[in-house]
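*Asks:* Next comes the sequence, and after it the predicted model I'd like to discuss.
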Amino acid sequence: MGLFQILLLLFLLIPVIEIYLLIEVGSMIGALSTIFLVVLTAVVGAALLRWQGLTTFQRVREAMARGEVPAIEMMEGVVLLICGALLLTPGFFTDAIGFLCLIPAVRRYFILEIIKRQSMSASAAAYSGHAANETHGDQPKSRTIEGESWKDSDDKRR
């Protein structure tokens, strides 16, 4: 399944899940309580997101001060940005995913899994690219031609 189909499925499936959960919770605790709960999760989520974002930003600054590349911390910032969008979207399903991403251990696990999958696919692509560039007989598949070049203005100086 391609990326477009997955995104289309998510854009269709998530609102259906949210509407279903809102109706179910609303029938159990009432409409006003449901609205209050949705607003409360957004406010609490925004406060926790701000705190996590500042903590991540501080870790980025510390890593840069040590002369390290803050790659994981920068990816955590991207995950927190997505998390914030999920928490501000009204609904319980997106809030659950957003709150789950606020847990540092869970967030780091997802990031490390993404890195692991990307490195595996990159190494597979590099291996297949290496196999495609091998020589067949005496002639390589790609050729490099060496030469010199100069501008017209350089020619007048000679």
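*Replies:* Arrived safely, thanks for sending. Numbering: from 1, shown residues only.
*Asks:* which residues does residue 60 contact?
*Replies:* Taking CB atoms under 8 Å, 6 or more residues apart in numbering, we find residue 60 in contact with 70, 73, 74, 77. C-beta here means a position set from N, CA and C on the backbone, and glycine is covered the same way.
*Asks:* so who does the third one touch?
*Replies:* Counting by CB under 8 Å, 6+ apart, residue 74 touches residue 60.
*Asks:* Let me know the distance separating it from residue 100.
*Replies:* Between residue 74 and residue 100 the computed distance is 20 Å (CB to CB, to the nearest Å).
*Asks:* go on, the last one?
*Replies:* The span separating residue 77 from residue 100 equals 17 Å under the rule CB to CB.
*Asks:* which of the two has more neighbours?
*Replies:* Neighbour count, other CB atoms under 10 Å: between residue 77 and residue 100, residue 77 has more, with 16 against 13.
*Asks:* Buried residues, the helix or strand containing the more buried one. List them.
*Replies:* Element membership for residue 77 (DSSP states H and E) is helix 71-88. Taking 16 or more other CB atoms under 10 Å as the basis for neighbour counts, the residues of helix 71-88 that come out buried are 72, 73, 75, 76, 77, 79, 80, 83, 84, 86, 87.
*Asks:* Please name the nearest non-neighbouring residue to the fourth one.
*Replies:* In this case it means residue 76. What sits nearest to residue 76 in space, not counting adjacent residues and going by CB to CB, 6 or more residues apart in numbering, is residue 56, at 5.0 Å.
*Asks:* Could you list which residues are in contact with residue 145?
*Replies:* Here residue 145 is in contact with no residue (CB under 8 Å, 6+ apart).
*Asks:* quick one: it is in a strand?
*Replies:* No: secondary structure of residue 145, determined by DSSP: H, G, I helix; E, B strand; the rest coil: coil, with no strand assignment.
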